[in-house]
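> Provided below are the primary sequence and the corresponding predicted coordinates.
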Amino acid sequence: MSGLQIASGMSRIERQFGIDLGHLPRKERSRKTSEYEQFEASLRAESLRMSEFYEIFYCLENSIRRLVADILLEAEGPDWWESARIDEKRIKEQAALRQKKEVDSGITPRSENLIDYTTFGELSQIITDNWDLFETIFSSKTAVSNASNQLNILRGPIAHCNPTDELEQDRLNLAVRSWFRIMS
């Protein structure tokens with residue numbers, strides 16, 4: 001019985017401090033994890049916690065991109081990006097600059113589609129600039145702007161690899177729920 005108590009206590013300490021005391025057989029670790037053991041255990045644990053919030057934004061931002069692309073494709077056809085519905089200075093030129101920067105850097109471009117180079121704020125701008133196409137999807141143009149602004153503020157620390165506290169995590173969850181609520 002005392003052996004089980006010791007093992008249980010060691011497991012609790014490992015979880016609490018993010019360390020491996022070596023009392024259990026090692027689990028097979030992914031290549032990524034094993035390559036970065038030089039980072040502090042607390043930093044790796046924090047990154048794991050924060051990855052959940054990155055995942056939320058990844059899904060949200062890409063779902064909005066798909067929504068925008070689908071609606072504009074339906075309205076304008078396959079050349080919708082070149083239509084007057086996408087602001088030349090504020091959106092097209094900025095997305096093209098981001099794409100060119102990737103190409104000039106010698107890294108693999110993320111996409112051939114310039115919509116994939118738009119920011120969260122630019123996606124919101126496309127929606128509000130083309131409200132006639134999106135008013136059947138969203139309950140209010142002002143609500144889209146407000147929800148988008150709130151999400152963009154919450155996105156900053158996550159996108160720039162800073163931890164957030166529990167209150168900000170709650171705000172993020174509420175902001176995402178608000179976004180989906182304003183969709184009709």
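Here it is on my side, so go on. Residues are numbered from 1 along each chain as shown.

> what's near enough to touch the closest residue to Ile91 other than its chain neighbours?
Using C-beta to C-beta, 6 or more residues apart in numbering and skipping residues adjacent in sequence, the residue nearest Ile91 is Glu122, 5.1 Å away. Just so you know, the C-beta spots here come from the backbone N, C-alpha and C atoms, and that holds for glycine as well. Counting by C-beta atoms under 8 Å, 6 or more residues apart in numbering, Glu122 touches Arg90, Ile91, Gln94, Ala95.

> how about the contacts made by the residue nearest to Thr119 when sequence neighbours are not counted?
Distances taken as C-beta to C-beta, 6+ apart put Gln94 closest to Thr119, at 7.8 Å, once the chain neighbours are dropped. Residues near Gln94 by C-beta under 8 Å, 6+ apart: Tyr117, Thr118, Thr119, Glu122.

> go with 10 Å
Neighbouring residues of Gln94 by C-beta atoms under 10 Å, 6 or more residues apart in numbering: Asp87, Glu88, Leu114, Tyr117, Thr118, Thr119, Glu122.

> can you pick out the most distant pair from those?
Farthest apart among the contacts of Gln94 by C-beta to C-beta are Glu88 and Thr119. That separation is 16.2 Å.

> which of those two has more residues huddled nearby?
Set side by side, Glu88 and Thr119 show more neighbours around Thr119, with 15 against 10, by other C-beta atoms under 10 Å.
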